[in-house]
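Student: requesting a structural model of the entry that follows:
(2 chains)
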Amino acid sequence: MKKTIFIVALLVLSMSLFAQTKKIQNMTFEDINGKKISTDKLLAKGPIVLDFWATFCAPCMKSLPAYNQLADKYPNVTFIAVSSDSPRAKDKVIKTVKSLKLNMTTVIDGNRSIQKAFNVKEIPETYLINQKGEIVFHHNGYVPGDENKLATEIDKVLKGTK
Amino acid sequence: MQLNKTSLVFALLILSFITLNAQDYFSISGDNQAKYIYRVAEDSLKNYFNDELNLNVNYNNLTFGMSFKANLPKYNQYEAIDELRPSQISYQWDERFLSYDKDQYFLQAGTIEEAFGSGITLRAWNDKDNDRDKRLDGALIRYTPEYVNLKIVYGALRNDITEQQIFKNDIVTGVDAEVNALPGLKLGAGVTQYKQKEATTSYLAYNHRNIYSGRGSFLNNLLSISTEYAEIRYEHNVPKTHRGHAFYNSNSLFLENITLNIGYKKYYNFNYNMSDLPALNHYDQLLSSIANIKTEEGLSGDISYSPNFSNEINMHYSEAWNENFKIRFANAFAEYKYNADDYGIQAEYEQIETKNQPANSWEKEMHPGVTFDFYSFAFPLTVKGKWGVKQQTHGDDEITLQQPFIQADIKLNDLFAFSIISEFEFNDDKNETWVGGELKANIGDHSELKIFAGKEKGGKVCRNGVCKYQTPFEGIRLELSTNF
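Tutor: Got it, this is the predicted structure:
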C-alpha cells in the first residue's frame, strides 16, 4: 500500500510540475568538427533549436532538410542536429549530414547525455530554447508542415513575445 | 498513522519541489510514462500496469537523475502469467546518478553510459535491441579543455545477463584521451581493463583483459577519414595465444552532388563483452551474430547522388567473410527519393545474403519497398508498402517465406494522428499476421496519449511521425506520457 502511495505521489508530482517553464542547465558538447559548444555561449548570441534525430529514422530524414531551410532563414538562431545514433555509426552520420548539405551544427550524442538531459524517448524530437534558457516549444515527431509551426514559434521568440 | 506520515512526507516533498522549482538555480525536469496493457491470451493474467518516472533535479551545477520503474506485474509477450503472485510485482531503480558539470569538468557517480571512440574499446550502454544492459554502476570523469577530451571510467556491470552467461559485477576500468591536433584532425588513444568474473568450483576469480586502442580521424569539406585499431590481451587465467585485435577504417569523399564512401574492417578474436563493433553494412549486422567465428573481415562501398533538393539516390554494397571464406554475409541497398511540393516518393530495395557452409545453410532476403507521402490533402497521409521474400536452405530443407508489409499514417489535425500497420509472413506451412493500429492524441502541451490495439512484431518501429523501440506485443495498450 505504501509503495502504491509512493507511485501515486510521484505521478502527482510529475503532473503538478508540468506547468512550470523548464529551464536548461548549461551543457558543453563537441560537434563533428571537434568544436566545443557551450549552450550558455550560444544563448548569448540567440535562441537555440535542438533537433534529435538518427540515420535509421525515416521521419528524421524528412525533418532535417526542412529544418535546415529554417536554419538558412534564421541566421540568428543556432540549429543543432543531435544524432542519437550509436558512436559506431559516426561515419554514417557524417555521410548523411554531408550528402544532405546540412548547415546545422551536428553533434553525436554517443553517451546519451543530451538525450537524458531532455528526456528524449522518441525521435525526431525538437526543442526551441529562448535566450533566457527556457524551453518555449517542444515538438514530438515530424510530418511535412511541422516546420511551419516551429517557424511561427521562432518568430514569437525573436519578437520577444515568448 | 504510518500511512498519514508517509502521505505527509510526500505532500511536503511535492510542495518543496514546486516552491524550489520557481528559483533560478533550481529546476526539475523529467517525464512520466504510465502504461496499461490488456493482454489477449487464454489462461493468462489479462491486466498489466507499468509506470516509468524519469526525473532530473538540477541545483546550480549539480544534477541528480533517476529512473524508477514499477511493474504491476512486468509484461512479457512470451511469458503468460496464470495467476498473479506478489513476487511478480516489481519496483526498480533503473538508473540513479549524481553529476557535477562546470566548464571543462564533468564528474558523475552512479549509473553510467559512456563510449570511447567508435565504441570498439568500450561502450557502456543499455542495448535494448538485444536486451542487454551494459551500463555500469561506478564513476566517470570527463575533462574537456578546448583541444582535449579526457575520460576516466570505473564501474561494475549492473545486470547483463544472457542465456549463456551472467556478466553482472564484471569490472571495467578505462582511460581515453583525444586531442584535436590540427583543424579537422583528431588523434586518440585509450586503455581499458575488463575483469570478468568467473565461477570456478572452489572460488570466484576474475579474468583480466587489457584493451589498448589508437585512432585518428580527419574531416573537412572534401574528405572524411576515420581509422581505429584496438588490441586485446588476456592477462590471467587465459592462454596468451588468445590475443585479438580489431581494425576499422572508413573514408568518404564529398563532391558537389556526390558522396563516395569505402570502408574496411577486420576483427580477429575480439569477442569482448563491452565492445560495440561497427558492422559496416546497411543492415547493421555483424558476421559474429550469424555464427561463432574467430575472424570477421569485410568491405563496403556507398554512393549518394543528390543533384537537387527534389532528387536523391543512395546505393550501398558490402561483404563480410570469416578466415576461410566459408561463412559470408552480403548486403545490397538502393534507394531513390523524389520530393515535390505536395507529395514525395521513395523507392528502395534491400538484399541480404548469408552463407554458412559448415552449418550447411544459406539464406537470402529481398525487400523491395515503396513509400508515398501526400502533403496536399486535408490530412497529410503517408503510405508505405514492402514485399519481402526470405529464402532459407538448411541442409536438404528449403523454406521460402513471403513477407508483405503495408503501413498508412494519417495526421488528422494538431491533436490527433492515426497509424495502421499490417505485416504478414506466409508460405505453404506457415501463415502469421500482425495487424495493429495506433491513435496518438496530444493533451495540452506536455502530455500525449497513445492507444494501440492489435499485434506487432516489435523492433525499431516508426509510426505517427516518431521512431522508437517496441517489444513484441499483442493486446490493447494505453500509454500516457507527460513531460515536465
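
Student: CA atoms for contacts and neighbours, from now on please.
Tutor: Fine.

Student: where are the low-confidence patches of chain A?
Tutor: Counting by pLDDT under 70, chain A has low-confidence residues at A:1-21.

Student: and for chain B?
Tutor: Applying pLDDT under 70 to chain B flags residues B:1-25, B:162-165, B:199-204, B:236-241.

Student: following the host helix or strand of B:Tyr248, which helix or strand shows up next?
Tutor: Per DSSP states H and E, B:Tyr248 falls inside strand B:244-254. Sequence order places strand B:258-268 as the next helix or strand after strand B:244-254, per DSSP H and E.

Student: can you give the strand pairings for that next one, parallel or anti for each?
Tutor: strand B:244-254 (antiparallel), strand B:295-305 (antiparallel) (DSSP bridges).

Student: how far does the last one sit from the chain's center?
Tutor: From the chain centre to the centre of strand B:295-305 is a distance of 21 Å (CA atoms, centre = their mean, to the nearest Å).

Student: one step back: who's in contact with the strand holding B:Tyr248?
Tutor: A:91, A:95, A:98-99, B:120, B:221-233, B:259-270, B:278 (CA atoms under 8 Å, 6 or more residues apart in numbering or on different chains).

Student: go again using 6 Å as the cut-off
Tutor: If you take CA atoms under 6 Å, 6 or more residues apart in numbering or on different chains as the criterion, strand B:244-254 is touched by B:222-232, B:259-270.

Student: helix/strand/coil for residue 34?
Tutor: Since you didn't name a chain, this refers to chain A. coil (DSSP: H, G, I helix; E, B strand; the rest coil).

Student: name the element B:Gly119 belongs to?
Tutor: Under the criterion DSSP H and E, no helix or strand holds B:Gly119.

Student: now the most centrally placed residue in chain A: which helix or strand?
Tutor: Closest residue to the average C-alpha location of chain A: A:Leu50 at 2.4 Å, with CA atoms, centre = their mean. Assigned by DSSP H and E, A:Leu50 belongs to strand A:48-53.

Student: close to chain B, is that strand?
Tutor: No - residues of strand A:48-53 are not located near chain B by CA under 6 Å from any CA of the partner chain, the shortest gap being 9.4 Å.

Student: what sits up against the next helix or strand after that strand?
Tutor: Following strand A:48-53 in sequence order, the next helix or strand is helix A:58-73 (DSSP H and E). Here helix A:58-73 makes contact (CA under 6 Å, 6+ apart) with A:Trp53, A:Pro124, A:Tyr142, B:Gly465.

Student: by neighbour count, which of these wins?
Tutor: Neighbour counts for the contacts of helix A:58-73 (other CA atoms under 10 Å in any protein chain shown) peak at A:Pro124, which has 29 neighbours.

Student: which residues does that residue contact?
Tutor: Taking CA under 6 Å, 6+ apart, we find A:Pro124 in contact with A:Phe52, A:Trp53, A:Cys60, A:Gly141, B:Val466.

Student: so A:Val97, which of the three states?
Tutor: Here A:Val97 is recorded as helix under three-state DSSP.

Student: what about B:Pro73, how many neighbours?
Tutor: B:Pro73 - counted by other CA under 10 Å - has 20 other residues nearby.

Student: what sits against it?
Tutor: B:Tyr48, B:Gln88, B:Ile89.

Student: could you pull out the helices for the chain?
Tutor: In the absence of a named chain, chain A is used. In chain A, the segments counted as helices under DSSP state H are A:2-17, A:39-45, A:58-73, A:90-99, A:113-117, A:146-159.

Student: to clarify, I was referring to chain B.
Tutor: Counting by DSSP H, chain B has these helices, from start to end: B:2-21.

Student: pull out the buried residues from the contacts of A:Pro124.
Tutor: Neighbour counting by 16 or more other CA atoms under 10 Å in any protein chain shown classes A:Phe52, A:Trp53, A:Cys60, A:Gly141, B:Val466 among those as buried.

Student: distance check, the second one against A:Val143.
Tutor: What it means is A:Trp53. Distance of A:Trp53 to A:Val143, given as CA to CA, to the nearest Å: 14 Å.

Student: tell me, how many neighbours does the closest residue to chain A within chain B end up with?
Tutor: Nearest residue of chain B to chain A: B:Phe484, at 3.8 Å (CA to the nearest CA). By other CA under 10 Å, 22 other residues sit near B:Phe484.

Student: show me which residues of the stretch 351-484 of chain B sit near chain A.
Tutor: Going by CA under 6 Å from any CA, the residues of the stretch 351-484 of chain B near chain A are B:Gly465, B:Val466, B:Cys467, B:Lys468, B:Phe484.

Student: try 8 Å
Tutor: Contacts of the stretch 351-484 of chain B with chain A, taken as CA under 8 Å from any CA of the partner chain, map to B:375, B:380, B:411, B:445-446, B:462, B:464-468, B:482-484.

Student: buried subset of these?
Tutor: B:Tyr375, B:Pro380, B:Lys411, B:His446, B:Cys462, B:Asn464, B:Gly465, B:Val466, B:Cys467, B:Thr482, B:Asn483, B:Phe484.

Student: and those residues, which of them are in strands?
Tutor: B:Lys411, B:Cys462, B:Val466, B:Cys467, B:Thr482, B:Asn483 (DSSP state E).

Student: just checking, the first one touches B:Ser376?
Tutor: No - in terms of CA atoms under 8 Å, B:Lys411 does not count as a neighbour of B:Ser376; the distance is 12.0 Å.

Student: would you mark the buried spots in stretch B:98-107?
Tutor: For stretch B:98-107, the neighbour count (16+ other CA under 10 Å) marks B:Leu98, B:Ser99, B:Tyr100, B:Asp101, B:Phe106, B:Leu107 as buried.

Student: so which of the residues you listed would count as near chain A as well?
Tutor: B:Asp101.

Student: can I get the buried residues of stretch B:98-107 in CSV including distance to B:Lys440?
Tutor: Shown next, in CSV, are those (distance: CA to CA, whole Å):
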residue, distance to B:Lys440
B:Leu98, 34
B:Ser99, 35
B:Tyr100, 37
B:Asp101, 37
B:Phe106, 38
B:Leu107, 39
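
Student: among the buried residues of stretch B:98-107, which ones are in strands?
Tutor: Counting by DSSP E, those place B:Leu98, B:Ser99, B:Tyr100, B:Asp101, B:Phe106, B:Leu107 in strands.

Student: who are the contact partners of the first one?
Tutor: Residues counted as contacts of B:Leu98 (CA under 8 Å, 6+ apart) are B:Leu62, B:Thr63, B:Phe64, B:Gly65, B:Gln108, B:Ala109, B:Gly110.

Student: now do the contacts for residue 128.
Tutor: If you meant another chain, say so; for now it's chain A. A:Pro47, A:Ile48, A:Val49, A:Leu50, A:Ile135, A:Val136, A:Phe137, A:His138, A:Leu150, A:Glu153, A:Ile154.

Student: not quite, go with chain B.
Tutor: Per CA under 8 Å, 6+ apart, neighbours of B:Lys128: B:Tyr469.

Student: so B:Thr295 sits against B:Glu323, correct?
Tutor: Yes - between B:Thr295 and B:Glu323 there is a contact at 5.3 Å, judged by CA under 8 Å.

Student: out of these two, which sits in the busier spot?
Tutor: B:Thr295 (21 against 12).

Student: show me the beta-bridge partners of the residue lying closest to that one once chain neighbours are set aside.
Tutor: Nearest residue to B:Thr295, sequence neighbours excluded (CA to CA, 6 or more residues apart in numbering or on different chains): B:Tyr268, at 4.4 Å. For B:Tyr268, the beta-bridge partners under DSSP bridges are B:His245, B:Thr295.
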